[in-house]
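Colleague: the sequence and its predicted three-dimensional model are supplied below.
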Amino acid sequence: MGAIIFQGHSETEIIQGCMKGERKFQQMLYNSLSSKMFSVCLRYANEYNSAQDLLQEGFVKVYRNIEKFRGEGSFEGWVRRIFVNTAIEHYRKQVNMYALHDSGTNAYEDYHDNALETLKYEDILKMIQKLSHGYRTVFNLYVIEGYSHKEIGELMGISEGTSKSQLARARYLLQKMITDSAGVGMQTQNA
């Protein structure tokens, strides 16, 4: 991703304006990135209002920490990382996660990626939001954000095996939701 142009201002101008606490630049940054960051928040939150709270909290952190952006990598990627970390912090504060035992083999790995391709983004998002906080967070970090199980374990304070188990369980539950929704659709068509 290259530098973003915000309403005739360069990314550097926006960053410098935000560092000075200038409201107009903060608003430009918010207007330019809020929809993308809200998508990130929706993946981690279990409902719309929680996602809105994460969005606001994430932007507050961006504004407070913007001077820490060193220009290494994309600015949007840096902002995204703040939002992912905000979601993880929210998870840690709100949920007591119960560790699953790692069975050594992933009995839940029997799912089909092809089924996901036939669903709309909104349907998939609703299914992900139905997962418990732990399953949803591990799923998002691994599948969407590309973290390793080791990194997830360190971020969430769980073992690598627990991360793998939670991912396997999340995939199993998502597959079950997909299968159940496909079965309902087929019953409707046959009626």
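Modeller: Thanks, I have it. Numbering: from 1, shown residues only.

Colleague: any idea of the pLDDT on residue 102?
Modeller: Model confidence at residue 102, given as pLDDT, is 41.

Colleague: longest helix in the chain, please.
Modeller: Across the chain, the longest stretch assigned as helix under DSSP state H is helix 160-190.

Colleague: next, the buried residues of it.
Modeller: Using 16 or more other Cβ atoms under 10 Å as the test for burial, helix 160-190 gives 161-175, 177-178. All C-beta atoms are positioned from the backbone trio N, CA, C, and that covers glycine.

Colleague: just checking, what packs against that helix?
Modeller: Where contact means 3 or more Cβ pairs under 8 Å, 6 or more residues apart in numbering; DSSP states H and E, helix 160-190 is packed against helix 113-117, helix 121-130, helix 133-139, helix 149-156.

Colleague: what's the most buried one of those helices?
Modeller: Highest mean neighbour count among the helices and strands packed on helix 160-190 (mean count of other Cβ atoms under 10 Å): helix 133-139, with a mean of 24.

Colleague: low-confidence stretches in this structure?
Modeller: Counting by pLDDT under 70, the chain has low-confidence residues at 1-7, 94-119, 182-191.

Colleague: tell me how it divides into domains.
Modeller: Domains of the chain are assigned by automatic domain parsing as 11-94, 107-190.
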